[in-house]
Each structure stands twice: as C-alpha cells, then as structure tokens.
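K.L.:
here are the coordinates; sequence isn't available:
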C-alpha cells in the first residue's frame, strides 16, 4: 500500500473499464517503453526505469491495483525480486555524509581558534597579557591595552596608569624568571629572611601619553646599583609605531618586613638575582639636583587631611608607591592641570606610610607667576608629601609642558561639553 500511495501521483491508476492486461506496471518482467492510457484523463506516461525505486532504503516494485469493486485483492502470483545492480546495492549515504560534515566543521573551528592571528597590526600581540622573557633571558616584555577607565579628561592615559604598568611588569618579571617566593616580588631566599624590596628613587620621562585603545609594549630589566641596591629600568613603546612613549629608572633596596629597617643584600640573595643583571646605563639620565624641602612658608599650595584607604595598601601592609603620586598631584594648582601635562618626574621615597596615617601634600611652583600659569610655557614644581606630625614621606620634582591643542576639551572631535 505504501508503494501504491507513493507512486499514484506519478502513475495514474487505471479505471475499472480498462483491460486486465494493463493492470500491472513495473513488475520484474516489465518491458521498457510500456505505455498506459487512462480513459478518464487520457494521460500518457512513459516508464524508462533502469532499476526499481527505493523507499526508506528498500527496493520496491511499482504496481497498480484495480478498484475494490471487482473484489480483487493483492493476491497474485509471487513476484521475482528485482535484478541486483550496482546502483540498488549502494547504501544510503545521507547519514554518513552529515556526520562527516559535522566533524570537519568542528575541526575547522578548533583550528581557527588555535591559529588565531591579529587582523590589525595595532592589536594585542600577546592576547592573554602574560608577557615573556627576551634578549637572552635578561629583558621581560609585556603588552597592555589602554582601557577606557585608565584615561582622564584629556583622553590619554594617566601617569598613575603608566606607573601601574611599570609595577606590574616588574613583578611579572620576577615571577616568569622563577624567582618569586611568598612575598610581594621577593625571591625564595628573601622570603626565608623576611626581606622585601622597597623603592628609594624613581625618575620618569614621558614623551607622549597613549590614548584609549592603544596597545603599549613595556620592556624592563635590572642592573646593580651600588653594593646594596638594584636598579630597574623600563621603556614603554607604542606597539603600532614603535615610538618610545615613556622611560623610567628606579633604585630599590631591601627592608626587613618585621623590623621595618633597611638591610644589606645577603650573599644567598645576591646569588639568586645577579645572573639576571644587565650591564647597562640608566635609560633616564641622573638628575643630580637636590630636591628642595618645603614647609608651610615656602609652599604655594597645601592640601591636608589625606588618608589611605584599605584598597591603597599592598600585601606588605604599606601604601602602594603609585598612590603617593596621586597624593602629590592633589596639591598641584588646577590651572596647571588644565593647561599642561606632566612630562617628567623625580621622586625620593623617605619613609613608608601605613593605613592609619594622615598626610599633607605641599607644592611650590618655580619660575612662573601663580596668576598666569595657564599661559606659561614649561613649568617646574617642587613637592613634599609628609605626615601631619612633620615626618617626610616623599620629596619630588615635576616638569610640565603645555598640552597640545587636540587635548584641550576635545572628545571625539566635539567640544567636551557637547560630547
């Protein structure tokens, strides 16, 4: 019955008036070129089948059944099976083809993920930001993408953002080299002796600030500094142009985290770190000028009541040195911040700061009239960060240059107030 229903739309069923000799079509002995005529419609169908058709993968013959009015049922003589040919012996390939297609599509997707390459030269080359050691194992390199929350009103990265990148690469350098103990940048021998690194001096030169979406490459390495110090240098490049954006040089010494006193470098620690020292000059030329000590009489601007938050502390339980920069700039005059950008900075760290400290920020402007700061060219400022009791935390000196026109209140080509 299934065969009859499936083929009735192509081969019309004869009317009761048709002769019995035309009651069967497509049997095993059917002759090619057989014609069947319907009395009702006069439709002619020419059957030129090479092999019996298949339904659900099973070979069947085509037969027409006369009307039930004659009382005939499908009780005829047994039909011989169709001839075995190459075509009707082939399996149904549809399921196998679908499975093979699925496997190839999945494999192609995995291959594209493994063989990922940036489509633009300014895209992040190191997609996971893990960094790597280059140049005979002495230089650590890491890329950073400037995020939207790392830029300021000028659409450029803040100085705190750049300093955080410097600190991050320094710690990752120690970790990647296999020298990280259980402290914050401490080696295993340092951890045994409760020693930590503290920065005593930092010099930074900024040629250009990156903007939102830029990808920067930070290179860092270490060198010896005297008998009991270590110097760490950084260079920040623009990944797209290769231009040097920032150079920084710092000096570090060891301190006992229990007694909070400075310490000499033990021989065991020296043997750990000396293989990674480079024999190179500082990337920032040493500024031998003495940093001025300010007080209430010599300072032009004073900001008081600065207190650390819990989030300002690092795992060594003292204020992160990057936070000091933000506090120093708290007392910088607003006309300078609006019309100038920080181009250089020298800091000398005198004492650490805890979470219960209350600080004051003092700034003195050199070589410029206070009332005409916005129209002045390059400006230099002296800074002091101190406790309320008078103990010095950081002395500093900053250089400022006029901002470029496209940084003055312009956001995406529109004035800031209309953006």
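P.N.:
Yep, it's here. Being a predicted model, the structure only gives us computed values, none of them experimental.

K.L.:
tell me the secondary structure at residue 273.
P.N.:
For residue 273, the reduced secondary structure class is helix; criterion used: DSSP: H, G, I helix; E, B strand; the rest coil.

K.L.:
which ones are touching it?
P.N.:
With CB atoms under 8 Å, 6 or more residues apart in numbering as the criterion, the residues that contact residue 273 are 179, 187, 222, 230. Where C-beta positions appear, they are placed from N, C-alpha and C, glycine not excepted.

K.L.:
residue 404 versus the second one, what's the distance?
P.N.:
It stands for residue 187. Separation of residue 187 from residue 404 (CB to CB, to the nearest Å): 43 Å.

K.L.:
averaged pLDDT, stretch 289-297. What do you get?
P.N.:
The predicted model assigns stretch 289-297 a mean pLDDT of 93.

K.L.:
how about that stretch: buried residues?
P.N.:
Judged by neighbour count (16 or more other CB atoms under 10 Å), stretch 289-297 contains these buried residues: 291, 294.

K.L.:
any idea how far apart the tips of it sit?
P.N.:
22 Å (CA to CA, to the nearest Å).

K.L.:
ranking by neighbours, what's the top pick from the contacts of residue 273?
P.N.:
Of the contacts of residue 273, residue 222 is surrounded by the most neighbours, 24 neighbours in total, counting by other CB atoms under 10 Å.

K.L.:
so which of the contacts of residue 273 comes closest to residue 390?
P.N.:
residue 230 (30.7 Å; CB to CB).

K.L.:
helices along the protein, start to end?
P.N.:
All helices of the chain, identified by DSSP state H, fall at 2-7, 94-114, 159-176, 188-192, 267-273, 321-330, 334-339.

K.L.:
helices or strands up against the shortest one?
P.N.:
When contacts are defined as 3 or more CB pairs under 8 Å, 6 or more residues apart in numbering; DSSP states H and E, helix 188-192 sits against helix 267-273.

K.L.:
adding pLDDT and distance to residue 136, write the contacts of residue 273 out as JSON lines.
P.N.:
Formatted as JSON lines, those follow (pLDDT from 0 to 100; distance: CB to CB, whole Å):
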{"residue": "179", "pLDDT": "86", "distance to residue 136": "17"}
{"residue": "187", "pLDDT": "91", "distance to residue 136": "20"}
{"residue": "222", "pLDDT": "96", "distance to residue 136": "14"}
{"residue": "230", "pLDDT": "96", "distance to residue 136": "19"}
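
K.L.:
if you look at those residues, which of them are in strands?
P.N.:
Mapping the contacts of residue 273 onto strands (DSSP state E) picks out 222, 230.

K.L.:
can I get the contacts of residue 273 in CSV with distance to residue 203?
P.N.:
Shown next, in CSV, are the contacts of residue 273 (distance: CB to CB, whole Å):
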residue, distance to residue 203
179, 25
187, 25
222, 16
230, 15
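
K.L.:
which of the contacts of residue 273 sits closest to residue 331?
P.N.:
Proximity to residue 331 was ranked across these by CB to CB; first place goes to residue 230, at 31.2 Å.

K.L.:
go ahead and confirm residue 336 touches residue 377.
P.N.:
No. Between residue 336 and residue 377 there is no contact under CB atoms under 8 Å: 11.9 Å.

K.L.:
who has more neighbours, those two?
P.N.:
Counted by other CB under 10 Å, residue 336 and residue 377 do not tie: residue 336 has more neighbours, with 22 against 10.

K.L.:
show me the contacts for the more buried one.
P.N.:
By CB under 8 Å, 6+ apart, the contact set of residue 336 is 365, 373-374, 379, 381, 400.

K.L.:
now residue 157
P.N.:
Residue 157 is in contact with 146, 150-151, 209-211, 214, counting by CB under 8 Å, 6+ apart.

K.L.:
between these, which sits nearest residue 294?
P.N.:
Of those, the one sitting nearest to residue 294 (CB to CB) turns out to be residue 209, at 27.1 Å.

K.L.:
I figured that closest one hits residue 152, correct?
P.N.:
No. Applying CB under 8 Å, one finds residue 209 not in contact with residue 152, separated by 9.1 Å.

K.L.:
who's more crowded, those two?
P.N.:
Set residue 209 next to residue 152 and count neighbours by other CB under 10 Å: residue 209 wins out with 23 against 15.

K.L.:
can you give me the pLDDT of that one?
P.N.:
In this prediction residue 209 is given a pLDDT of 97.

K.L.:
and what of the one 3 residues further on?
P.N.:
Note for residue 212: predicted pLDDT of 94.

K.L.:
which non-adjacent residue is nearest it?
P.N.:
Closest residue in space to residue 212, ignoring its immediate chain neighbours: residue 151 at 5.0 Å, by CB to CB, 6 or more residues apart in numbering.

K.L.:
with residue 320 instead?
P.N.:
For residue 320, the nearest residue in space outside its immediate sequence neighbours is residue 314; the separation is 4.9 Å by CB to CB, 6+ apart.

K.L.:
cool, and residue 215?
P.N.:
Once its chain neighbours are removed from consideration, residue 215 has its nearest residue in residue 239; the separation is 4.2 Å (CB to CB, 6+ apart).

K.L.:
quick one: contacts for residue 294?
P.N.:
Applying CB under 8 Å, 6+ apart to residue 294 gives the contacts 362-364, 382-384.

K.L.:
should've said residue 171
P.N.:
Listed by CB under 8 Å, 6+ apart, the contact partners of residue 171 are 180, 184-185.
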